[in-house]
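Engineer: Fold the following and give me the result.
(chains A, B and C)
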Amino acid sequence: MHPPGSRQRRLLRLVPVLLLPAAFVAVLWYALGIEPAAPSPLEGRVAPPFTLRLFDGGAVSLEALRGQVVLVNFWASWCVPCRQEAPYLEAAWRAYRARGFVLVGVNVWDAETDARAYIREFGHTFPNGMDRSGAIAIAYGVRGVPESFFIDRAGRIARRHVGPLTPERIRALVEPLLAGGRAVEP
Amino acid sequence: MIVLVVTLLLTLGAAATGPDLDAQVRAIADRLMCPVCQGRTVAESTSALAAQMRALIREKLRRGETAEEIVAYFRDRYGDTILAAPPREGLAAVAWALPVLAVAIGTVIVGWLLRAWTRPPGPGSTLPRIGMLPEEALRRVEEEVARLESGDVDRSGRDGG
Amino acid sequence: MPEVGALALWLALLTALYGAAMGAVAAVGRREDVLASARAAVWVVAALVTLNLGGFVVCVGLLAYALYSHDFRLAFVADNNSRETPTFYTLVGLWGGQAGSLLFWTWLLSLYTVSAVGHRRPALEELQPAALSVLLAIAAFFLLLLTIAENPFALLPEPVADGRGLNPLLEDPGMLIHPPLLYMGFVGFAVPFAFAMAALVHRRVDAAWLSYTRGWTLLAWYTLGAGLVLGGWWAYRVLGWGGYWGWDPVENSALVPWLVATALIHSVIVQEQRDMLKGWNVTLVVLAFALSVLGAFLTRTGLLVSVHTFAQSGIAPYFLGFLAAVLVGPTALLVWRLEDLRARHELEAVLSREGTFLLNTLVFLAAAVVVLMGTLFPIVTEVVQGIRILIGPPYFRQVFAPIALGLLALMGIGPLLPWRRTSRRVLVRQLRWPLVAGAGVAVSATILGASAGVAAAAVVIGFTAAAIVQEFHRGARSRVQRWGEPYPRALLALLGRQRRRYGGYLVHAAVLVIAVGVVGSQAFVTEREGVLATGERLEVGRYTLIYRGTEQEPAPNATVTIAAVDVLNEGHPAGRLTPRRRYYPRYNQPVYPPAIRSTWREDLYVVFLGLVDDGRASFRVWVNPLVRLIWLGGALFTLGTLVAAWPDRRRRIRTAVEARRQAVLQRIRELDLDFGAGKLSEEDYRRLRDEAVAEAAAFLGTEAER
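Structural biologist: Predicted coordinates:
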């Protein structure tokens, strides 16, 4: 039906046309295996200053904590993963505070009574306050709770951690900073 | 249809007022993606974070910041991923080039096809000519067409096939 | 009981595989062993498909029973249901979860398969075995997912006391119809796809497969379109963000195949009338189906939402393999058969209806490409750069709006041009009034202070509206002159006698009505946010809202707070609105069902965000002009599709020859109509009609000889 050369010619024509769908599927396949990164543009920069009114009265200002290692932890009472890390936070506060470490809890998107009950439930003794307007959370580019920022003695953000913290993770991040480690500037 | 157009015009007239603070907030909030939602802008989102972001935008506007400054602030804190429309630089610029490219390639293809397919009607046609066919066949065609038009039940197709 | 369901699925898989193989054997065997054995195979396979169907019905029935009786041993039931879920919505749980929606999907596909190839159709005798094989292969893929990767009858190691419950956002009547409609659309393209493959394999890309699959294409296209409109309606009434369309990946992945299908149903007309664009049509069918699969892949595997859902579900690799097969196989076949797809007729002039149809196809494809690329862009940047650069609604609005305007303009111009070519005199006569109308609307809009974008939309909408009105008017006038009918009856007769064309125009009008609603609600929205103490007021456009206080309402699975708001319309009392905040403790998810005061002019849309710490109430209020037109457009879209797709007894096509006969006769009729509506000069009409009659006579002649 076709001249003998025709089959070969059709096969040749086939190759470039098939490359496109094949490449498309390959890209999707590759994308399936990637873990999406959510880098914070704030790492290595000076931590945005804030003053937080605390639940037990008084206020804490980040600038006043310069010279200490600061862990700023954003949380909410309804957040399930926050409950996972809650005991470790109190433990870290007790373990490191004598060595120049401050833990500041910033409660966001919450009701005050719930927040206070949560603090009582976990016996949190570190400074804790409510960010009513969300201005602090926005200044830190917070996308959800829990989210934690590790700030070096010079007041720069060394690392942002998304999700619940573990004791190992806290130790791995806090110890070098306590030993005088600095945030890597961008 | 005409009523429609008139309604549109009436609405136009009613809404033609200057941009107030709420409209400015909305315009800026619409340029930012809500960080805690899937695919909603800060203007659309019902989340607490988005509400706080809108309040912050309002406050910054009251303090006299420009729209560009406010958007730059959010971009500074959240990175490029907060922008609802990708920036027109770097890799993201590709997103803006793509539609132009798609339309351009499409136009080239259509132009090429039109050139390739367009032939002036001429005697070179291989179709049968009306003069070559018997009168009776032509009459039959006219009958069939008339039958289609008047809506008679078309039986010939069933027993003729 | 669950064991029986799982067993039924395995049986169905084996049956489908067997049937697909038999279909392929029948398709190949037909060439050597003539018709008899193949026909027998068709019947055998049809019986097997029916068996499949029975199996599916049992599965779906079992699942519905498991949901209803809250049997929390089944993992699927525990994930999508709870003791608190209202009984009415246990049904929604069927398609709320992964396995349930896959099962429902497979069930629809099996129904379609039975309907398409379960019976002998003389017109399609040749194509049926191959089409059947393709359809059953697709069904086998979904059954494979159901048996291996996502078994709906999977048992939990231990029964749990209560399930996780249904996502509260899904507790809405709209959710009962919206997802099934989308699935019907996605699945519906499988039938045209299967027949297109069969037509390519057997080298019969002619009028027969096209006229048969037209109904299926229309069904899929309509259900997808209606699903999109209903989805918007659901979002508007439930989600409480003041809008109806968010350009999110789920919506986009249904919009893309719909755009391609719209290009297809137009392009098909050109093949029927002019024997052109055969290759286009096959390509578009393949694309529509492949994009449906891609849409299912993107939404069902959660690739666009988060990688973690993929890790949990595990169906992604299978889906990707299937997508590769659907893209690569047909493309290869298409290229292989390129010689058969050459046009019989050639294009006479660019300014003709086929010219605008061609352009129309391309602009629709461009629109689909733009939406698809925007949706996939985060994946691309992730692969290239490691971060997801999101593409939000503003991007889509900016890029899609000009393309949509182009499509609306083509919708006005296309029908005004005759087939083959246009003389300048006819062109002027056809475009005169629509152009005047467009210009008039634009000038008034500009005087009233519209922005450039709105003025551009106004030109196009005015032009196309006038073009549609003119088409109806001239069509009716031509009938009055020819048959002496009274004018109103002539108008109705257009819808009755020329269903496809005038039903199509009704759909065009529906699109235009939706366009007016979209432009109105996008460009002229007013929005206010306010925190009010009892008795305080909030001004929004013409309305004043007075907050009267809240009360709690008992609900089984949520805390519901109802706010009472009195509305003043230009100072006059206009009733009370009661927006709610439903809080679901189980999910820590608040839902804000809005209270809407809807008129044709505008919607007053009030959302109650909740009480703030000092007891005041927080509100968001929108005035959305002309939103009702969008739902009206949806209804008109349904009406138009019904008119266009209503089966025509007189033109029932039973054989391939009959399909061809209808096509040649219909061409003469189109010419008469176009001439009657003033689209052709006397000279062109005579010449073209003589040609068409000659062709028809020659065809009827050969038919008679047989």
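Engineer: Just give me the longest helix of chain B.
Structural biologist: As assigned by DSSP state H, the longest helix anywhere in chain B is helix B:93-117.
Engineer: Could you list the buried residues of whatever helix or strand comes next after it?
Structural biologist: Downstream of helix B:93-117, the first helix or strand assigned by DSSP states H and E is helix B:135-150. For helix B:135-150, the buried set under the neighbour-count rule, 16 or more other CB atoms under 10 Å in any protein chain shown, comprises B:137-138, B:140-141, B:144-145, B:147-149. Glycine gets a C-beta too; all of them are placed from N, C-alpha and C.
Engineer: for stretch C:451-471, same thing?
Structural biologist: For stretch C:451-471, burial by neighbour count (16+ other CB under 10 Å) applies to C:453-471.
Engineer: near chain B at all, it?
Structural biologist: Yes: judged by CB under 8 Å from any CB of the partner chain, stretch C:451-471 comes into contact with chain B at C:454, C:458, C:461-462, C:465-466, C:468-469.
Engineer: List just the nearest of these to C:L604.
Structural biologist: Sorting these by distance to C:L604 puts C:V454 at the head of the list, at 22.0 Å, by CB to CB.
Engineer: Correct me if wrong, but C:L604 is in a strand.
Structural biologist: Yes: using DSSP: H, G, I helix; E, B strand; the rest coil, the secondary structure at C:L604 is a strand.
Engineer: What pLDDT does the model give it?
Structural biologist: Among the per-residue scores, C:L604 shows a pLDDT of 95.
Engineer: How about C:W105?
Structural biologist: In this model, C:W105 is scored at 81, pLDDT.
Engineer: can you tell me how far it sits from C:L294?
Structural biologist: Noted for C:W105: a distance of 15 Å to C:L294, by CB to CB, to the nearest Å.
Engineer: what's A:F149 sitting at in phi/psi?
Structural biologist: As for A:F149, its main-chain torsions (degrees, to the nearest 10) stand at phi -120, psi 130.
Engineer: How about it: what's its closest non-neighbour residue?
Structural biologist: Excluding the flanking residues, the one nearest A:F149 by CB to CB, 6 or more residues apart in numbering or on different chains is A:V72, at 4.5 Å.
Engineer: quick one: strands adjacent to the one helix or strand the one you found maps to?
Structural biologist: Using DSSP H and E, A:V72 sits in strand A:69-75. According to DSSP bridges, strand A:69-75 forms sheet pairs with strand A:101-107 (parallel), strand A:147-151 (antiparallel).
Engineer: So for the longest helix of chain B, what gets flagged as buried?
Structural biologist: B:94-96, B:98-99, B:102-103, B:106, B:110, B:117.
Engineer: wait, does it make contact with chain A?
Structural biologist: No: judged by CB under 8 Å from any CB, helix B:93-117 and chain A are separated, with a smallest distance of 12.8 Å.
Engineer: just checking, what packs against that helix?
Structural biologist: On a contact count with 3 or more CB pairs under 8 Å, 6 or more residues apart in numbering or on different chains; DSSP states H and E, helix B:93-117 meets helix C:353-385, helix C:393-413.
Engineer: The shortest one: which residues count as buried?
Structural biologist: By neighbour count with 16+ other CB under 10 Å, helix C:393-413 contains the buried residues C:393-397, C:399-401, C:403-413.
Engineer: Please apply the same query to the longest one.
Structural biologist: Of the residues in helix C:353-385, those scored as buried under the neighbour-count criterion (16+ other CB under 10 Å) are C:353-382.
Engineer: Alpha carbons of stretch C:283-297, in PDB - could you do that?
Structural biologist: Provided in PDB are the C-alpha atoms of stretch C:283-297 (Å, rounded to 0.1, in the frame of the first residue of the first chain):
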ATOM      1  CA  THR C 283      -5.900  15.500  18.100                       C
ATOM      2  CA  LEU C 284      -8.500  17.500  20.100                       C
ATOM      3  CA  VAL C 285     -10.300  14.300  21.200                       C
ATOM      4  CA  VAL C 286      -7.000  12.800  22.300                       C
ATOM      5  CA  LEU C 287      -6.100  16.100  24.100                       C
ATOM      6  CA  ALA C 288      -9.400  16.400  25.800                       C
ATOM      7  CA  PHE C 289      -9.100  12.900  27.200                       C
ATOM      8  CA  ALA C 290      -5.400  13.200  28.100                       C
ATOM      9  CA  LEU C 291      -6.100  16.500  29.900                       C
ATOM     10  CA  SER C 292      -8.900  14.900  31.800                       C
ATOM     11  CA  VAL C 293      -6.500  12.200  33.000                       C
ATOM     12  CA  LEU C 294      -4.000  14.800  33.800                       C
ATOM     13  CA  GLY C 295      -6.600  16.800  35.800                       C
ATOM     14  CA  ALA C 296      -7.500  13.600  37.700                       C
ATOM     15  CA  PHE C 297      -3.800  13.000  38.300                       C
END
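Engineer: Run a quick neighbour tally on the residue of chain B found nearest chain A.
Structural biologist: Residue nearest to chain A within chain B (CB to the nearest CB): B:Q52, separated by 3.0 Å. The local packing of B:Q52 (other CB atoms under 10 Å in any protein chain shown) involves 20 other residues.
Engineer: how close does it sit to C:S451?
Structural biologist: 30 Å.
Engineer: so what's the most centrally placed residue in chain B up against?
Structural biologist: The centre of chain B sits closest to B:P99, judged by CA atoms, centre = their mean, with a distance of 11.5 Å. Taking CB atoms under 8 Å, 6 or more residues apart in numbering or on different chains, we find B:P99 in contact with C:366, C:370, C:373, C:399, C:403.
Engineer: ok, those vs chain A, which is closest?
Structural biologist: Minimum distance to chain A across the contacts of B:P99 is 11.3 Å, recorded for C:M373 (CB to the nearest CB).
Engineer: For the closest residue to that closest one other than its chain neighbours, give its distance to A:L28.
Structural biologist: Nearest residue to C:M373, sequence neighbours excluded (CB to CB, 6+ apart): B:L98, at 5.0 Å. B:L98 is 17 Å from A:L28, where distance means CB to CB.
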